[in-house]
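1. sequence-free structure coming up:
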């Protein structure tokens, strides 16, 4: 196969920005609202209160709130 005609698998072209074991994938996370909007426009990743880094692309209403994010948020507002 000619190297110039090789198809690169998507997994090699998309950076893994999750940096975790996957458990935090099942939750909706707390992120500054302006950062969510910015990410929607630029495609840049966001950082949740719990430290998860990702590019939001799912409806957070479909998932339970991340317990770590919720705990951190409650400490911040009290």
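-> Ah, there it is. This is a predicted model, so every value here is computed, not measured.
2. check contacts around the residue lying closest to residue 27 once chain neighbours are set aside.
-> With C-beta to C-beta, 6 or more residues apart in numbering as the criterion, residue 27 has its nearest non-adjacent residue at 3.7 Å, and that residue is residue 66. Bear in mind the C-beta positions are built from the backbone N, C-alpha and C, glycine included. Residues near residue 66 by C-beta atoms under 8 Å, 6 or more residues apart in numbering: 24, 27-30, 48-50, 52.
3. and if we set it to 6 Å?
-> Under the criterion of C-beta atoms under 6 Å, 6 or more residues apart in numbering, the neighbours of residue 66 are 27, 29, 50.
4. residue 48 too?
-> 29-31, 69.
5. repeat that for 7 Å
-> 29-31, 66, 69 (C-beta atoms under 7 Å, 6 or more residues apart in numbering).
6. shaky segments in the protein?
-> Within the chain, the stretches with pLDDT under 70 are 1-24.
7. please enumerate the helices of this protein.
-> 10-13, 33-42, 67-77 (DSSP state H).
8. out of the ones you listed, flag the one nearest residue 60.
-> helix 33-42 (9.2 Å; C-beta to C-beta).
9. nearest to residue 56, of the helices of the chain?
-> So among the helices of the chain, helix 33-42 is nearest, using C-beta to C-beta, at 5.8 Å.
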